[in-house]
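Peer 1: Build me a structure from this.
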Amino acid sequence: MSRLGSAWRLSRAAFVLARRDALLPREYHQRLPLFARLFSKFTRLFAKPERADNPGERFAQALEALGPSYVKLGQFLSTRADILDPRFARGLARLKDSVPPFPHAKAVESIEAEFGAPLESLFAELGQSVAAASVAQVHPAVTTEGESVAVKVLRPGIEQRVVRDIEAMKLAARLTHRFLPDTRRFRPLDLVDTLARSLQLEMDLRLEAAAASNLADLAPGLDNFGVPSPDWRRCGKRVLTTNWVDGIKLSDMAAIEASGIDQRALAETVIQTFLGSALEFGVFHADMHEGNLFADHDGRLIAVDFGIMGRLGRAERRYLAEIIYGFLERDYDRAARAHFDAGYVEDDYDHADFAAALRAVGEPIYGRKAEEVSMSRVLLQLLEITDLFNMRLRPELVLLQKTMVQAEGVARRLDPSLDMWAASRPIVERFLRAELGPEGVALDALDDLRRLRSALRRMPQAIEDLADAAAHWKDGGVALDGPTVHELSREIGQARSTATLAIWLIAAASIAGALALWLA
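Peer 2: Numbering: from 1, shown residues only. Model prediction:
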């Protein structure tokens, strides 16, 4: 990819952003270096007269005009509430991934090329597109066996376009890193690399089929929830086929109301399905907007489009449950302890100070009406105190917070008076009972044993590396002075003591876990 080509595409993107006053928005002038403020004033000479008041909304409109890769950039940035100004994030949340469909003939061509067979051997019918997004579009179809299915087809040439756009974004990231030092802590190049990996995964529809299959397997463990299963015979890298969902989109509120579906129960299902899958199974649908959710005639919730999935380890799941439960019970010490135990807040900070910060977030919502209390807003405020305590949050938790905003928005639209905390309580309590009971203790013991086994497996190589280093020192490869040798000896002694203690603690925890399980 030529640098000249990347520079040209970047220039075009900059012009589109400037036309919407989204390149260097006027709202942030005071934060910019002098040359950037002057350049921003110059670019606004080209701006359109009709512009949104919110800088995030203007940015979203520009990304929609720039095409698929930039829409995905906006979606990715919307998951990073930890680095965005809250006002900007609210505007960016209005980003719409909806574009005109590509021709039906192109879809037929893509399907036949993917499977190396004529369309008629796979589908008796293939209808016109019913939903078109930046990466793919969906067609209703009937298989040769007579089954109604949904067929998702990648846009022709999307892979090549994404590669070109990513190169332009990398150039922008390098320029940002060089000329705007304050942005370096956000690692712009790493952000673009993460986006590139995400797009690569999303453009392989076999992975989406696997995610759909995974959720379909878990669905029976979640009340009133269903997922369309993939038709593996008709799934490939560029084509995904699932059974057809016969239901009402949650975006069609008029149809939902006319159907007589219990909207309060459906709203509770939205919240409990999201939290239940995240806490109990460690996997969640991470794009829960109204267009991806349906209600069938029995009032069951059906989810589609599994291009973005979130995954949580046991530590993250326990952390999330402890946080929510701490706020439910106004037990801010417990919520603070969860942050420290998970390693998100360093031990250098005072536990009481952090508990006080959590109290400042939680107490204002206590005693207020259910419709006035936003669970997602509470989590967002938790993210906003990260700078005060130098919190290290994992990306999957930020993705979870973004998805909770979506799920809460859908639930509130169905039932504005829904008590989010009451809907969440049974899920959180059930998870914590399992985690803190014999089963959870046994799982902790197994995790400790796995870590110990992994450490023991690495030990021979570590000893060999140490022997090689010692031989190198003996041959005069490294010279150490007296104070350095003394300091190394002290550190090694501490490390040996810590390692010994850790092994004994792991062994003790394993035995205690086994006893707890046997005595239960």
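
Peer 1: looking at the chain, which helix or strand is least sure?
Peer 2: helix 482-519 (a mean of 44; mean pLDDT, DSSP states H and E).

Peer 1: can you tell me how far His351 sits from Leu432?
Peer 2: 21 Å (C-beta to C-beta, to the nearest Å). Where C-beta positions appear, they are placed from N, C-alpha and C, glycine not excepted.

Peer 1: Which of these two has more residues huddled nearby?
Peer 2: Leu432 (17 against 14; other C-beta atoms under 10 Å).

Peer 1: Spell out the secondary structure type for that one.
Peer 2: What DSSP: H, G, I helix; E, B strand; the rest coil gives for Leu432 is helix.

Peer 1: What's opposite Val283 in the beta bridge?
Peer 2: Val283 has these beta-bridge partners by DSSP bridges: Arg311.

Peer 1: Neighbours of it, how many?
Peer 2: 16.

Peer 1: Show me how the record splits this structure into domains.
Peer 2: The chain breaks down into these domains under automatic domain parsing: 3-98+163-197, 103-154+204-244, 247-436, 439-519.

Peer 1: between these, which gets the lowest average pLDDT?
Peer 2: For the domains of the chain, mean pLDDT drops lowest on domain 439-519, to a mean of 56.

Peer 1: The most centrally placed residue in the chain and Lys170, how far apart?
Peer 2: In the chain, the C-alpha nearest the mean C-alpha coordinate belongs to Leu399, at 2.9 Å (C-alpha atoms, centre = their mean). To Lys170, Leu399 is 23 Å away according to C-beta to C-beta.

Peer 1: same deal with Met420?
Peer 2: Applying C-beta to C-beta to Met420 and Lys170 gives a distance of 40 Å.

Peer 1: neighbour count winner among these two?
Peer 2: Met420 (24 against 19).

Peer 1: Run the chain-centre distance for stretch 277-291.
Peer 2: Computed by C-alpha atoms, centre = their mean, to the nearest Å, the chain-centroid distance of stretch 277-291 equals 10 Å.

Peer 1: Kindly report the same for stretch 427-435.
Peer 2: Distance, centroid of stretch 427-435 to centroid of chain: 23 Å (C-alpha atoms, centre = their mean).

Peer 1: The closest residue to Asp262 other than its chain neighbours: neighbour count?
Peer 2: Nearest residue to Asp262, sequence neighbours excluded (C-beta to C-beta, 6 or more residues apart in numbering): Gly299, at 5.8 Å. The tally of other residues near Gly299 (other C-beta under 10 Å) stands at 17.

Peer 1: Gly299 and Gly226 touch, don't they?
Peer 2: No: in this structure, Gly299 is not within contact of Gly226 by C-beta atoms under 8 Å, at 11.2 Å.

Peer 1: what about Pro140, is that helix, strand or coil?
Peer 2: strand.

Peer 1: ok, the nearest residue to it once chain neighbours are set aside to His139 distance?
Peer 2: Once flanking residues are discounted, Pro140 sits nearest to Gly127: 4.2 Å by C-beta to C-beta, 6+ apart. Distance, Gly127 to His139, by C-beta to C-beta: 6 Å.

Peer 1: Compare those two and say which one has the larger neighbour count.
Peer 2: Using other C-beta under 10 Å, the more surrounded residue of Gly127 and His139 is His139, with 24 against 14.

Peer 1: and the gap between that one and Val239?
Peer 2: 10 Å.

Peer 1: Quickly list what's touching both of these two.
Peer 2: Both His139 and Val239 are in contact with 151-153, where contact means C-beta atoms under 8 Å, 6 or more residues apart in numbering.

Peer 1: what's the closest of these to Glu408?
Peer 2: Nearest to Glu408 among these: Lys152, at 27.3 Å, using C-beta to C-beta.

Peer 1: mind listing the strands for the stretch 1-150 of the chain?
Peer 2: For the stretch 1-150 of the chain, the strands defined by DSSP state E, counting those that start in this stretch cover 123-126, 131-132, 136-143, 148-154.

Peer 1: Relative to Gly56, which of those strands is closest?
Peer 2: Of the strands of the stretch 1-150 of the chain, nearest to Gly56 by C-beta to C-beta is strand 131-132, at 24.1 Å.

Peer 1: residues in contact with Leu95?
Peer 2: Residues in contact with Leu95 (C-beta under 8 Å, 6+ apart) are 60, 63-64, 71, 74-75, 78.

Peer 1: Ser134 versus that one, what's the distance?
Peer 2: For Leu95 relative to Ser134 (C-beta to C-beta), the value is 10 Å.

Peer 1: still on that earlier bit, was I right about the residue nearest to the centre of the chain contacting Met309?
Peer 2: No: the criterion here is C-beta under 8 Å, and Leu399 misses it with Met309 at 9.3 Å.

Peer 1: Show me the common contact partners of these two, please.
Peer 2: Ala286.
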